[in-house]
Each structure stands twice: as C-alpha cells, then as structure tokens.
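Colleague: Starting from these lines, generate the structure:
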Amino acid sequence: MVKVTTVSQDAKLTDALKIMVKKDIGSLVVAEKKKGIGIITERDVMKIAASNPDMLQNKVKEIMSTPLITITEDTPAWNAFRIMIKSKIRRLPIEKKGKLIGIVSTRDLFRWVMIVVYGESLPEDIKSVVLEGYPIS
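Modeller: Numbers count the residues shown, from 1 in each chain. A predicted model of the protein is given here:
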C-alpha cells in the first residue's frame, strides 16, 4: 500500500494530469471530504487528449470512473487481487472507517506474489526492485 493522492471532482483535467506527472503516478482518486467517489487514470486522460485536446479543460468529474471500488485495510492481498481481476481494474483504493488511507496497484500485488513464491530465495537481479518499500528481512 502506498499513500493515496486525491483530486477534487471540480479540478480541470490539465491540473489532474500535472499532479500525476509531478508525483510520477498513474492515477488519482477523486475525493470529497476524504471520501473516495471515483478514480481518474493516465489512460483516461490520454484517451481524452487523443480524441480532442480541448477537452483537457473539462473537469475531472466528466471522465472519472464511478462507482469507486475499494477495499479495507484488513482485506487479504489475495482477495484484493481477485477484486482487481474480476473488476478489470489496476488500482484499488484502501479505506479505513470510510476514509481513504492508501492505494494498492497490480504492481504492488505482483511484488507480493514474488515474495510469497520465492521467499528468501528471490533472485538477486530482481531482489532490490521487488523488496523496495517492503519491510522484509
């Protein structure tokens, strides 16, 4: 899980894109009062820009995906993977008592799978990448 970055539904798409580029992330959760209401991804913005660049002045709420599919902090990793596969999504916001606390991506879960499968025998050439951010000794 990583910290979730949010944007207002009334933000312009250009502003949302600037946040994604600055933070080097592929999505923003659309939130109001710390409650997730939708999600916007780099792919969503690219589709809009390719079809009509003038639409980048539109608001996030006009293209965000809803309803927002979320999990709670105690959802097992395997279940998060299952939800993502069934829902055909690559990012899954995490909530605690109805408030956004993080987000998990398919990349995060793939790294988890590598740790589970290989354990302490992770190949050296990928070990630093797989373990990056994971408190495993």
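Colleague: Tell me where this structure is predicted with low confidence.
Modeller: 133-137 (pLDDT under 70).
Colleague: check contacts around the residue nearest the centre of the chain.
Modeller: With distances taken as C-alpha atoms, centre = their mean, Arg91 lies nearest the centre of the chain, 3.7 Å away. Residues in contact with Arg91 (C-beta atoms under 8 Å, 6 or more residues apart in numbering) are 26-27, 39, 41, 103-106. Backbone N, C-alpha and C define where each C-beta goes, glycine included.
Colleague: among those residues, which ones are buried?
Modeller: 27, 39, 41, 103-105 (16 or more other C-beta atoms under 10 Å).
Colleague: TSV for those residues, including distance to Val130 and secondary structure?
Modeller: As requested, those are exported to TSV (distance: C-beta to C-beta, whole Å; DSSP: H, G, I helix; E, B strand; the rest coil):
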residue	distance to Val130	secondary structure
Ser27	22	strand
Ile39	26	strand
Thr41	24	strand
Ile103	19	strand
Val104	15	strand
Ser105	14	strand
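Colleague: Enumerate the positions of the strand or helix carrying Asp125 that are buried.
Modeller: Counting by DSSP states H and E, the element that carries Asp125 is helix 124-131. Under the neighbour-count criterion of 16+ other C-beta under 10 Å, helix 124-131 has Val130 buried.
Colleague: That one: how far from the chain's middle?
Modeller: 22 Å (C-alpha atoms, centre = their mean, to the nearest Å).
Colleague: now do stretch 122-135
Modeller: 21 Å.
Colleague: quick one: contacts of that stretch?
Modeller: Under C-beta under 8 Å, 6+ apart, the answer for stretch 122-135 is 2, 111, 114-115.
Colleague: Drop anything exposed from those residues.
Modeller: 111, 114-115.
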